[in-house]
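A.B. asks: pasting the structure only:
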């Protein structure tokens, strides 16, 4: 089974600050599934590193007040293309991200305040029927699938 996964969770240094973190479950995931790494923000044309950005009023605004909504929409669309190409039904995505966050994202004030909502890529993938798994939910996913 093919599963989309945020590349930063594989240790790829593609996060806004140029970092990545390898998840502890990586070996087990690789032994069971084919992981398809994605970074919607890079797929949308943003550089790494880049200014942090948060969702505010259905737009994505960087901390230096640049509107990067177009790049986030484009990245979500490109991510969906890859999901379809590889027939992915699941995506393991970085929690709280304005692209990949599912269920909770930062509120747009850069104060580390969480609100209910989805990042642009997570929202589009959900709308197309994909199940989103956050990095803190991987252990439960592995037990059940």
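C.D. replies: Arrived safely, thanks for sending. As the structure is a computational prediction, the values presented were derived from the model and not from experiment.
A.B. asks: surely residue 73 touches residue 44?
C.D. replies: Yes: the pair residue 73 and residue 44 passes the contact test of Cβ atoms under 8 Å, sitting 7.3 Å apart. Any C-beta I mention is one placed from the backbone N, CA and C, and that applies to glycine too.
A.B. asks: between these two, tell me which one has more neighbours.
C.D. replies: Set residue 73 next to residue 44 and count neighbours by other Cβ atoms under 10 Å: residue 44 wins out with 23 against 16.
A.B. asks: do you know how far the more buried one is from residue 133?
C.D. replies: Going from residue 44 to residue 133 by Cβ to Cβ, to the nearest Å gives 22 Å.
A.B. asks: number of nearby residues for residue 87?
C.D. replies: By other Cβ under 10 Å, the residues close to residue 87 number 8.
A.B. asks: tell me which residues touch it, please.
C.D. replies: Residues near residue 87 by Cβ atoms under 8 Å, 6 or more residues apart in numbering: residue 2.
A.B. asks: I'd guess it is in a strand, am I close?
C.D. replies: No: Residue 87 is assigned coil when assessed by DSSP: H, G, I helix; E, B strand; the rest coil, not a strand.
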